[in-house]
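Q: need the 3D shape of this:
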Amino acid sequence: MKNKNLLFTATCFALLLSGCSSLGVEPWERDILAKKEMALTASPIDAALDDHIYFSKEASSGGKSFGGGGCGCN
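A: This next block holds a predicted model:
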């Protein structure tokens with residue numbers, strides 16, 4: 001009985017460890033994810049417009065990469 005419980009526990013532990021072994025993108029899958037349709041913003045004009053609006057609302061140069069903003073809080 002004790003050996004069966006130990007074997008069952010070891011099997012469950014091995015299955016749990018192997019469940020996360022294949023996370024991430026494999027090298028042969030990168031060509032699929034690099035297609036233009038897979039971009040977060042498909043249109044560069046829309047992305048530039050969104051960045052311009054974001055920078056204008058932040059009222060600071062850099063907007064996304066610099067600390068602080070137009071409101072005076074850092």
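
Q: how much space between the most centrally placed residue in the chain and Asp31?
A: Most central residue of the chain, judged by C-alpha distance to the mean C-alpha position with CA atoms, centre = their mean, is Gly24 at 10.4 Å. Distance, Gly24 to Asp31, by CB to CB, to the nearest Å: 15 Å. For glycine as for every other residue, the C-beta is placed from the backbone atoms N, C-alpha and C.

Q: got phi/psi on the residue nearest to the centre of the chain?
A: phi 110, psi 180 (degrees, to the nearest 10).

Q: what sits against it?
A: Listed by CB atoms under 8 Å, 6 or more residues apart in numbering, the contact set of Gly24 is empty.

Q: what does stretch 29-48 contact?
A: 25, 50.

Q: tally of neighbours for Ala47?
A: 13 (other CB atoms under 10 Å).

Q: got it, and Leu49?
A: Counted with other CB under 10 Å, the neighbours of Leu49 add up to 12.

Q: same check on Asp50?
A: Other residues within reach of Asp50, judged by other CB under 10 Å, total 12.
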